[in-house]
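Colleague: Have a look at this prediction, sequence included:
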Amino acid sequence: MENLITLPTNFADYLTIENADLRFAEATEVAERVIGAGVEIYANMDHAAIFCDPPHLVADGLKQLGYVNGWDARCYPSPVDGCDYINVSAQLPIDSPARDDGWFDYVAVVHPVDRTALQHMLGQGYGNPFIHHLTWGLVPPERTLTDDFEYASRVVPFMVERREVIGDTIGDAPGTLIVALPDQVIAHPNFEEALPEWLGGLDEEEYQVESMQGGGFLIQFFVLTGGRIEVALRVDTTQTFNPKSVHKISEDEISAVQE
């Protein structure tokens with residue numbers, strides 16, 4: 001199965017980030033193992049999460065590349081390690097030539113909102129800015145039906161199986177499966193009965209299911225301890241993240257302490 005990956009070829013021309021090489025090396029190793037296990041991923045990453053203060057340290061370079069900062073008119077509170085951060089997303093237009101250079105679909109620009117969070121961020125010694133995590137996008141099952149409930153019945157088990165395969169391949173316990181689904185799926189009269197079958201016997205602490213703000217499907221989990229590398233499946237979303245997912249991930253799945 002041919003499935004090439006791309007990393008930004010001109011990263012240092014736009015962003016100066018001390019730990020970029022380390023994160024890219026980790027992401028490449030994960031991608032090679034995942035692809036080797038028969039899991040298809042998109043060539044360009046779904047997103048990067050970059051911590052910084054002030055935000056223009058990252059947003060300036062992204063704007064030069066053609067990213068639209070704040071494209072989804074959302075900000076996402078992110079309580080990492082009990083400290084208050086705000087995540088503002090930038091999107092790279094689908095026709096941007098920067099995609100050919102390996103740039104990500106989205107970038108989460110995450111900044112501290114008070115002195116406590118700033119001191120917490122700087123105290124980790126990773127630099128300012130630093131890449132917190134990188135996320136590969138999984139190629140979803142082909143969608144031949146327009147019914148969201150029917151598609152959910154395929155895509156949720158698909159991600160449960162992918163989580164098991166990737167966990168075995170990486171050799172690290174995968175993070176919580178965060179499942180954000182369209183409102184009409186959650187409200188479907190057969191949803192509560194069908195969900196346990198879709199989840200295939202996962203323990204309650206291994207998943208979170210919620211309604212996806214703005215519609216679409218966004219299912220994700222981390223694959224390396226500390227939240228350094230993540231995978232996500234995205235179909236028909238109208239915003240980068242889901243607020244409830246971000247809160248769960250920030251509070252329970254990731255840390256700024258990644259040693």
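Modeller: In hand now; what should we look at? Numbering: from 1, shown residues only.
Colleague: what about stretch 58-75, average pLDDT?
Modeller: What stretch 58-75 shows for mean pLDDT is 97.
Colleague: can you list contacts of it?
Modeller: 14-15, 50, 52, 86-93, 96-98, 103, 107, 109, 129, 214, 238-241, 243 (CB atoms under 8 Å, 6 or more residues apart in numbering). In short, each C-beta sits where N, CA and C put it, glycine included.
Colleague: Quick one, which of those are buried?
Modeller: Neighbour counting over those (16 or more other CB atoms under 10 Å) leaves 14-15, 50, 52, 87-92, 96, 98, 103, 107, 109, 129, 214, 239-241, 243 as the buried ones.
Colleague: Next step: the contacts of stretch 58-75 restricted to helices.
Modeller: In helices, defined here by DSSP state H, the members of the contacts of stretch 58-75 are Tyr14, Pro243.
Colleague: any idea which element Lys248 lies in?
Modeller: Element membership for Lys248 (DSSP states H and E) is helix 243-248.
Colleague: What average pLDDT does that helix get?
Modeller: Here the average pLDDT along helix 243-248 is 91.
Colleague: got it, and stretch 106-118?
Modeller: pLDDT averaged over stretch 106-118 gives 97.
Colleague: ok, Asp114 touching Tyr85?
Modeller: No. Here Asp114 lies out of contact with Tyr85, judged by CB atoms under 8 Å, at a distance of 9.6 Å.
Colleague: what sits against the closest residue to Tyr207 other than its chain neighbours?
Modeller: The spatially closest residue to Tyr207, leaving aside those adjacent along the chain, is Leu177, at 4.3 Å (CB to CB, 6 or more residues apart in numbering). Leu177 is in contact with Met159, Val160, Arg163, Leu199, Leu202, Glu206, Tyr207, Gln208, Ile219, Gln220, Phe221, counting by CB under 8 Å, 6+ apart.
Colleague: Got a quick ChimeraX command for the buried subset of those?
Modeller: In ChimeraX syntax, the buried subset of the contacts of Leu177 is picked out as below (16+ other CB under 10 Å):
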select :159,160,163,199,206,207,208,219,220,221
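Colleague: circling back: please narrow the contacts of stretch 58-75 to those residing in strands.
Modeller: Among these, the ones falling in strands (DSSP state E) are Ile50, Ile86, Asn87, Val88, Ser89, Ala90, Gln91, Val107, Val109.
Colleague: Can you lay out the residues you listed as JSON lines showing distance to Pro79?
Modeller: JSON lines is the format used below for those (distance: CB to CB, whole Å):
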{"residue": "Ile50", "distance to Pro79": "18"}
{"residue": "Ile86", "distance to Pro79": "10"}
{"residue": "Asn87", "distance to Pro79": "11"}
{"residue": "Val88", "distance to Pro79": "16"}
{"residue": "Ser89", "distance to Pro79": "17"}
{"residue": "Ala90", "distance to Pro79": "21"}
{"residue": "Gln91", "distance to Pro79": "24"}
{"residue": "Val107", "distance to Pro79": "20"}
{"residue": "Val109", "distance to Pro79": "17"}
